[in-house]
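K.L.:
Here's a sequence, model it:
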Amino acid sequence: MCDTSALDTIEFGQETSVRDIWAGDAQAVRVAVRSRPLSAHEKLAEASDCIKISFNNQIKLGSKYFTFDAVYDWTRSQSSIYNECISKLVTSCFDGFNATVLAYGQTGSGKTFTMGSTSVGNVLDEEQGIIPRAIRQIFEEIAERKRKEPGL
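P.N.:
Sure, this is the predicted structure:
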């Protein structure tokens, strides 16, 4: 049994000049894919992980290959995904750029976990997703700019 809900897609829209992870490519939209681990229910049902991740930003689903701007497996930490894909987007907003992060996937694919839209009070720091990290970064950036320029 192959469960395709283990695939979670995140799209990143941003100007290329403010992000080194995507340097050298003039596209305005980036797509990163993150697969999640099998759930307890899936393990009990003896489901197998049908997504194979290659080293060149490709995933193999069945006999088909799909290429993305970035591909992450379930072992990648929330903080590393945030630092590689989101942090510079947030910073660039203070420089006048627009940025959008969109999580897309079927029910159970890991969107809530990746975005972190559950209650932050009972989630460990290392498990916090994109939204609480972005909010924290925004307020830290505001405080830093106020410190550097007290009239702001």
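
K.L.:
Can you get me a residue count around R34?
P.N.:
Counted with other Cβ atoms under 10 Å, the neighbours of R34 add up to 27. For glycine as for every other residue, the C-beta is placed from the backbone atoms N, C-alpha and C.

K.L.:
Please identify which helix or strand holds it.
P.N.:
Applying DSSP states H and E as the criterion places R34 in strand 29-35.

K.L.:
what pairs with R34 across the strands?
P.N.:
D8, Y72 (DSSP bridges).

K.L.:
What is the distance between the strand holding R34 and the centre of its chain?
P.N.:
For strand 29-35, the separation from the chain centroid amounts to 7 Å (computed by Cα atoms, centre = their mean, to the nearest Å).

K.L.:
Any buried residues in that strand, and which?
P.N.:
Neighbour-count burial for strand 29-35 flags R30, V31, A32, V33, R34, S35 (criterion: 16 or more other Cβ atoms under 10 Å).

K.L.:
Likewise for stretch 90-109?
P.N.:
So for stretch 90-109, counting by 16+ other Cβ under 10 Å, buried means V90, T91, S92, C93, F97, A99, V101, A103, G105, S109.

K.L.:
Now do the SS call for the fifth one.
P.N.:
To tie it back to what came earlier, the one meant is F97. The three-state label given to F97 by DSSP: H, G, I helix; E, B strand; the rest coil is coil.

K.L.:
how near is it to L89?
P.N.:
Applying Cβ to Cβ, to the nearest Å, the value for F97 to L89 is 8 Å.

K.L.:
Strands along the chain, start to end?
P.N.:
For the chain, applying DSSP state E gives strands covering 7-13, 29-35, 51-53, 58-61, 64-67, 70-72, 100-104.
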